[in-house]
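**Q** sequence-free structure coming up:
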């Protein structure tokens, strides 16, 4: 299938903000790595003016993050950075220099939201705790993302995405029974902590709209992970049943609701390739009957072992073996199409290149579009999964080059003239 | 204190895949009316169940994703039922739904109809693939969604040949989609306060999951390269070293977060040496923080891990976890979710909340807020509703139906 990336109409770097739903919301973005930037990425997609505060001596490590499509030449060569920080602005500041800190404080005074994902003690050490922020901007919304939150015994402990996934239970819930945890093959909790922070921030903006009051939001990445394991936790607090058992984690079989068949089946190709596997789930008798008919195995449908959901569950080793024998050697995509035509939930385990370049649904909805960047050139980026009919999110620009907006922010926004800007530079206040 | 969404009224028509969306709004203070079929929402049939006894009011899935909502049981497939929904929708700020595309239009309950006399309405559809496109009406489940959208391709084993990619935990496609649906809804509400107009939000779980793949997406966008799944750690373009090591009690510890600073690292080394298990950790090459970084496939990191693994295996998991954190290492035990309840830290923070289940005469502990709002209330004010618990109240108070009308509707099996 040909590549069908849709060119985006606006030119690179244009700030088309008039119809954006969060236009007028200014965010001082002190976040780095992935969790915080995920939150501000969404806010920027919806039109918030997100100003990244950066420092040349302690660069966001994602500026070094692979891939570097045109060769490794940081700070502006990372595709990962650009993808995660599109639509944002960048200013470099040395906040350890009093004049650099003064610039930051002026910026905070003009902003609606201050967000950071440092270890829990950093902002207070800088003299930028919530009370100090309020002194600069009465109705500020101060959002912190940290591993353990800003209160409690272990508030000085820290996490990365994998740590938070491990502690919250998400890692141990993923895997084959009797084997070590497969876990999550990426920092899921960086994404979802960012989403949770975004939702809380939007709620706080609404609170401010109705009351005029700002507030502090204190997100713990571990708690944000525990929230995603609700029924398993209730099973403990209600039924006193812990998660560990010989059947848990259940691999690709169903946990709840308990249904069968519900598994991944090898088709043609190398088992090491994700796309050689087809996920099939039957939550109803109709879907099971449709699977039997599609496979041309009417005898399964009348087999006593598979007559009802409870018997299919009891005999799911046999169910899985028979389906696996049928799928083996066949095209996973062709089987998926046939099963879907019969109404059976079936999906190839697609890798990301398959989704970006060959997924007809993704292409039809124009989810992948082109973007432009001074170093990375013309490249692809993905969309914003919630489409607003009247004021949709926009991709206006790729990730900012380091300090790309120093002049505009210092000059246009904060009113430093040429001489004053030069002095900040000479004094080392622009980090 | 009031909730940040106090005064926002929501009609929630979602099946299980979208119920977290309404829950997020409800616990922030919105008044969420959950509409369900007369026989009960399908979420009521998802376990686990109280005392392992199934029943419409005993599903812990239902409890969790529908706390703080009120329930009205209406058969919206009947014209008189659909008419009730239209009247309810005229009095709310938000309608949430997750039907197959086209279903609500057939019932006269789509955005065009509901917003015709109510332009302030925000309506959010959360569906597996979005409202249009060749696969918009494909059969779907949480696991099939995670397979098709990329997350599953990144999870699994590299040291167990022939094993499949692993679907990482159930209900996560529900969560990922619901996060975007809730965010889109709130953005539209904020915009409405400026423009006075509502709008329609079309949220695709497929797209939401595809973008929730960290480096997987940029590697595809920029390099057309799939990342390879690896046991218990991030998928990568080329093999990297394992991160999870068993402590003496058999519980694994994730040690991805190695200390960056030399002083912290030396504390770890000294700690290992106290047990006579310092190995080669004083190797001068390891004095360079970059050489200690995991996930890059470096020989130096591999040698360090060999020695650390022996040390970790010498002590119980809690001691390794806390001892590492006290020395600046962002290490974590591979807990099961229930084991987090044993950690005093989260109790001290007030994370867990007690919810009164009057129907059982019990108080049940629930996970609390994903993010603590300190200036407005996040709370579970009310357990999930019993089936049809608020049908009469809502139809009487909101729509002014009389006792006779309610009786007639119930007799005609339009409400319950």
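**A** Alright, I've got the coordinates. These figures come from a predicted structure and were not determined experimentally.

**Q** CA atoms for contacts and neighbours, from now on please.
**A** Noted.

**Q** Residue A:75 belongs to a helix, doesn't it?
**A** No: Residue A:75 is assigned coil when assessed by DSSP: H, G, I helix; E, B strand; the rest coil, not a helix.

**Q** which residues touch the residue sitting nearest the centre point of chain B?
**A** The centroid of chain B falls nearest to residue B:175 when counting by C-alpha atoms, centre = their mean (3.3 Å). By C-alpha atoms under 8 Å, 6 or more residues apart in numbering or on different chains, the contact set of residue B:175 is A:228, B:17-18, B:20.

**Q** One more: residue A:178?
**A** Residue A:178 makes contact with A:246-248 under the criterion C-alpha under 8 Å, 6+ apart.

**Q** Of those, which is the most crowded?
**A** residue A:248 (17 neighbours; other C-alpha atoms under 10 Å in any protein chain shown).

**Q** Quick check: which element contains that residue?
**A** Under the criterion of DSSP states H and E, residue A:248 resides outside all helices and strands.

**Q** contacting residues for it?
**A** Contacts for residue A:248 (C-alpha under 8 Å, 6+ apart) come out as A:173, A:176-178.

**Q** who wins for neighbours among the contacts of residue B:175?
**A** Going by other C-alpha under 10 Å, residue B:18 tops the contacts of residue B:175 with 30 neighbours.

**Q** what's the pLDDT at it?
**A** Predicted confidence (pLDDT) at residue B:18: the value is 98.

**Q** For chain B, give me the ranges with low pLDDT.
**A** Low-confidence segments of chain B (pLDDT under 70): none present.

**Q** Could you single out the nearest of the contacts of residue A:248 to residue A:185?
**A** Taking C-alpha to C-alpha as the measure, residue A:185 lies nearest residue A:173 of those, at 13.0 Å.

**Q** On the three-state scheme, that closest one is what?
**A** Going by three-state DSSP: residue A:173 is coil.

**Q** just residue B:71 next, same as before
**A** Of the three states, residue B:71 takes strand under three-state DSSP.

**Q** separation between the residue positioned nearest the centre of chain A and chain B?
**A** In chain A, the centroid-proximal residue (C-alpha atoms, centre = their mean) is residue A:191; its distance is 3.0 Å. Applying C-alpha to the nearest C-alpha, to the nearest Å, the value for residue A:191 to chain B is 6 Å.

**Q** How about residue A:422?
**A** 34 Å.

**Q** got the contact list for the closest residue to residue B:344 other than its chain neighbours?
**A** Excluding the flanking residues, the one nearest residue B:344 by C-alpha to C-alpha, 6 or more residues apart in numbering or on different chains is residue A:153, at 7.7 Å. Counting by C-alpha under 8 Å, 6+ apart, residue A:153 touches B:344-345, B:348.

**Q** Which of these are buried? Put it as a ChimeraX command.
**A** For the buried members of these, the matching ChimeraX selection, counting by 16 or more other C-alpha atoms under 10 Å in any protein chain shown, is:
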select /B:345
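
**Q** So which of the contacts of residue A:153 are in helices?
**A** B:344-345, B:348 (DSSP state H).

**Q** Pick the one among these closest to residue B:264.
**A** Closest to residue B:264, out of all of the ones in helices among the contacts of residue A:153 and judged by C-alpha to C-alpha, is residue B:345, at 22.7 Å.

**Q** now residue B:11, what's its secondary structure?
**A** Residue B:11 is classified as strand under three-state DSSP.

**Q** ok, it touching residue B:89?
**A** Yes: assessed by C-alpha atoms under 8 Å, residue B:11 is found in contact with residue B:89 at 6.7 Å.

**Q** which of those two has more neighbours?
**A** Higher neighbour count among residue B:11 and residue B:89: residue B:11, with 25 against 22, using other C-alpha under 10 Å.

**Q** show me the contacts for that one.
**A** B:32-35, B:88-89, B:92, B:94-96.

**Q** what do you get if the cut-off is 10 Å, keeping everything else the same?
**A** B:22, B:31-35, B:69-70, B:72, B:85, B:88-89, B:91-97, B:123 (C-alpha atoms under 10 Å, 6 or more residues apart in numbering or on different chains).

**Q** Quick one: buried ones out of the residues you listed?
**A** Buried members of those, counted by 16+ other C-alpha under 10 Å: B:22, B:31-35, B:69-70, B:72, B:85, B:88-89, B:92-97, B:123.

**Q** in a strand, that's where the residue nearest to the centre of chain A is, yeah?
**A** No: under three-state DSSP, residue A:191 falls outside any strand and is assigned helix.

**Q** I'd like to know how far it sits from residue A:394.
**A** 20 Å (C-alpha to C-alpha, to the nearest Å).

**Q** try residue B:13
**A** 29 Å.

**Q** so where do the helices sit in the stretch 51-200 of chain B?
**A** Along the stretch 51-200 of chain B, counting by DSSP state H, counting those that start in this stretch, helices occupy B:60-66, B:79-89, B:103-106, B:111-115, B:142-148, B:172-195.

**Q** Those helices: which one's closest to residue A:316?
**A** Nearest of these (C-alpha to C-alpha): helix B:142-148, 17.0 Å.

**Q** just checking, what packs against that closest one?
**A** Under the contact criterion of 3 or more C-alpha pairs under 10 Å, 6 or more residues apart in numbering or on different chains; DSSP states H and E, helix B:142-148 touches strand A:262-266, strand A:277-281, strand A:346-348, helix A:352-358, helix B:172-195, helix B:205-211.

**Q** Now render the ones you listed as a markdown table, adding distance to residue A:317.
**A** As requested, the helices and strands packed on helix B:142-148 are exported to a markdown table (distance: least, C-alpha to C-alpha, whole Å):
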| stretch | distance to residue A:317 |
| --- | --- |
| strand A:262-266 | 11 |
| strand A:277-281 | 15 |
| strand A:346-348 | 19 |
| helix A:352-358 | 31 |
| helix B:172-195 | 25 |
| helix B:205-211 | 30 |
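
**Q** Could you list the domains of the chain?
**A** In the absence of a named chain, chain A is used. Chain A breaks down by automatic domain parsing into domains covering A:26-228+A:366-426, A:274-350.

**Q** hmm, I had chain B in mind actually
**A** B:9-211+B:352-411, B:239-334.

**Q** got any ranges where the stretch 251-400 of chain A has weak pLDDT?
**A** In the stretch 251-400 of chain A, no residues with pLDDT under 70.

**Q** Could you pull out the strands in it for me?
**A** A:262-266, A:277-281, A:346-348, A:368-373, A:377-382, A:386-388 (DSSP state E, counting those that start in this stretch).

**Q** Deepest in the core, which of those strands is it.
**A** Scoring the strands of the stretch 251-400 of chain A by mean neighbour count under mean count of other C-alpha atoms under 10 Å in any protein chain shown gives strand A:346-348 as the most buried, with a mean of 31.

**Q** Between the helices and strands packed on helix B:142-148, which one is closest to residue B:54.
**A** Among those, strand A:262-266 sits nearest to residue B:54 (C-alpha to C-alpha), with 21.0 Å.

**Q** related to what we said a few turns ago, out of the contacts of residue A:178, which comes closest to chain B?
**A** residue A:248 (10.2 Å; C-alpha to the nearest C-alpha).

**Q** What are the phi and psi values at the closest one?
**A** With angles defined as degrees, to the nearest 10, residue A:248 sits at phi -110, psi 150.

**Q** How many residues are close by residue B:129?
**A** 28.

**Q** ok, it to chain A distance?
**A** Distance from residue B:129 to chain A, by C-alpha to the nearest C-alpha: 7 Å.

**Q** these two touch, right, that residue and residue B:140?
**A** Yes: taking contacts as C-alpha atoms under 10 Å, residue B:129 lies within contact range of residue B:140: 9.2 Å.

**Q** Let me have the contacts of residue B:175 in TSV, extended by secondary structure and distance to residue A:302.
**A** Putting these into TSV (DSSP: H, G, I helix; E, B strand; the rest coil; distance: C-alpha to C-alpha, whole Å) gives the following:
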residue	secondary structure	distance to residue A:302
A:228	helix	39
B:17	helix	32
B:18	helix	35
B:20	helix	38
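
**Q** for these, which one is nearest residue A:418?
**A** Of these, the one sitting nearest to residue A:418 (C-alpha to C-alpha) turns out to be residue A:228, at 50.8 Å.

**Q** Noted, bye for now.
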